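**Q** The sequence isn't on hand, but the structure is:
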């Protein structure tokens with residue numbers, strides 16, 4: 001107990017061992033959904049689902065433990081929802097990369113993220129990119145995730161002429177999915193912890209009762225071997241100039257996803273308020289994120305990031321890394337629940353994408369739409385992500401339009417060095433596709 005008090009500075013942070021444990025368990029409940037959701041989406045890239053269930057659980061536990069011990073902050077890490085969708089539907093299915101090459105892109109972006117996190121380049125990037133475009137990135141990512149959920153569920157279908165239309169909503173799968181969306185929205189509105197995992201389990205239970213999918217044969221089992229995906233990342237296959245924007249998109253999305261999340265968590269815990277580079281806890285948390293992303297690619301999963309669900313633990317009273325340590329311990333226990341997660345049908349998972357996407361899209365309220373360059377650039381960033389199924393295309397288009405609009409209005413002071421560099425990088429995918 002004395003060691004924990006000294007290492008995590010419990011008294012100094014006005015917390016106790018019991019409070020930190022309760023906060024850790026709360027975070028665990030609120031983000032438990034990432035195991036079935038993350039593994040299901042990644043499996044659609046051609047990776048074995050059982051191995052992914054084990055790896056997502058393992059990486060979540062290890063990344064969160066690293067954050068707790070290294071940064072001493074009550075922040076949980078796992079594979080990011082938007083980034084896992086981009087991995088499967090953008091890089092693999094969209095750009096035609098193999099999942100091994102996509103893991104190579106994640107690994108390389110993690111290395112770059114580490115360099116940024118351990119230097120002052122991080123501060124330069126944060127100060128160079130207009131904050132409105134960061135919110136547009138988050139909103140576009142939300143629209144991208146929600147569109148994937150709606151199409152995967154069958155609620156939206158594509159006609160032979162390429163137009164989107166309403167699917168057969170009388171289908172049992174779609175009806176169960178709609179029920180899941182309603183339940184998750186209701187529980188989230190009522191601020192009930194674990195809204196997503198409760199919704200997933202209720203949809204699964206209906207499916208099991210109707211006999212549409214099989215009940216889990218057991219509750220507990222040994223973790224699956226991960227030899228089929230661990231250390232399979234391919235760096236040689238991504239050594240292509242045309243892929244630079246995709247890697248940059250992974251990097252920027254992870255950086256600002258983490259910064260946005262930490263700002264939300266920090267508002268409750270009164271930390272992470274200084275982005276000038278002097279906040280050591282912010283710096284170390286971003287470093288943990290970068291290390292986890294790189295290591296995660298080696299284990300066989302997409303980019304890791306800080307989770308906003310950490311704020312649920314902070315609301316309970318969690319203030320130190322001990323909260324994250326407890327969260328990591330609880331996630332480590334899920335390694336033995338493989339049969340339960342394997343039995344969850346995919347249509348019980350897609351409602352989570354729809355609801356999470358809607359919540360991310362709400363960041364649009366922070367954008368200053370009275371500013372014409374910001375308004376037009378944000379529009380193209382947000383609308384093109386779901387329509388092109390590519391974060392890269394949306395992000396690149398937004399930067400290009402922003403620079404052009406500022407030039408048209410002769411607002412040269414808004415075009416700094418960072419914006420110019422990103423403008424040039426943004427041109428690359430369009431040049432190589434022409």
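**A** Right, received. Where do you want to start? Predicted model, so just to flag it, every value in this text is computed and none were measured. Numbers count the residues shown, from 1 in each chain.

**Q** avg pLDDT for stretch 57-73?
**A** Averaged across stretch 57-73, pLDDT comes to 96.

**Q** How about stretch 140-160?
**A** Mean predicted confidence for stretch 140-160 is 91.

**Q** Next, residue 78: secondary structure please.
**A** Secondary structure, DSSP: H, G, I helix; E, B strand; the rest coil: residue 78 is strand.

**Q** That one contacts residue 307, doesn't it?
**A** Yes - under the criterion of Cβ atoms under 8 Å, residue 78 makes contact with residue 307 at 5.9 Å. C-beta coordinates here come from the backbone N, C-alpha and C atoms, glycine included.

**Q** Overlap of the contact sets of these two?
**A** Counting by Cβ atoms under 8 Å, 6 or more residues apart in numbering, the common neighbours of residue 78 and residue 307 are 31, 34.

**Q** Sketch out the low-pLDDT regions of the stretch 301-434 of the chain for me.
**A** 432-434 (pLDDT under 70).

**Q** show me where the stretch 1-150 of the chain has helices.
**A** Secondary structure of the stretch 1-150 of the chain (DSSP state H, counting those that start in this stretch): helices located at 2-8, 17-31, 34-43, 49-66, 81-85, 99-117, 121-128, 131-153.

**Q** could you redo those helices as CSV and give each row distance to residue 93 and mean neighbour count?
**A** Formatted as CSV, the helices of the stretch 1-150 of the chain follow (distance: least, Cβ to Cβ, whole Å; neighbours: other Cβ atoms under 10 Å):
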stretch, distance to residue 93, mean neighbour count
helix 2-8, 43, 13
helix 17-31, 26, 22
helix 34-43, 11, 26
helix 49-66, 16, 25
helix 81-85, 10, 27
helix 99-117, 10, 23
helix 121-128, 29, 16
helix 131-153, 10, 24
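
**Q** mean pLDDT lowest for which of these?
**A** Lowest mean pLDDT of those: helix 121-128, a mean of 74.

**Q** other SSEs contacting that one?
**A** Counting contacts by 3 or more Cβ pairs under 8 Å, 6 or more residues apart in numbering; DSSP states H and E, helix 121-128 packs against helix 99-117, helix 244-269, helix 417-433.

**Q** Swap in 10 Å and give it another go.
**A** When contacts are defined as 3 or more Cβ pairs under 10 Å, 6 or more residues apart in numbering; DSSP states H and E, helix 121-128 packs onto helix 99-117, helix 244-269, helix 280-299, helix 417-433.

**Q** Please work out the angle formed by the directions of that helix and helix 280-299.
**A** 110 degrees (axes from the mean of the first three to the mean of the last three Cα atoms, to 10 degrees).

**Q** who's in contact with helix 121-128?
**A** For helix 121-128, contacts defined as Cβ atoms under 10 Å, 6 or more residues apart in numbering pick out 112-113, 115-116, 134, 251-252, 255-256, 259, 275-278, 282-283, 286-287, 290, 416-422.
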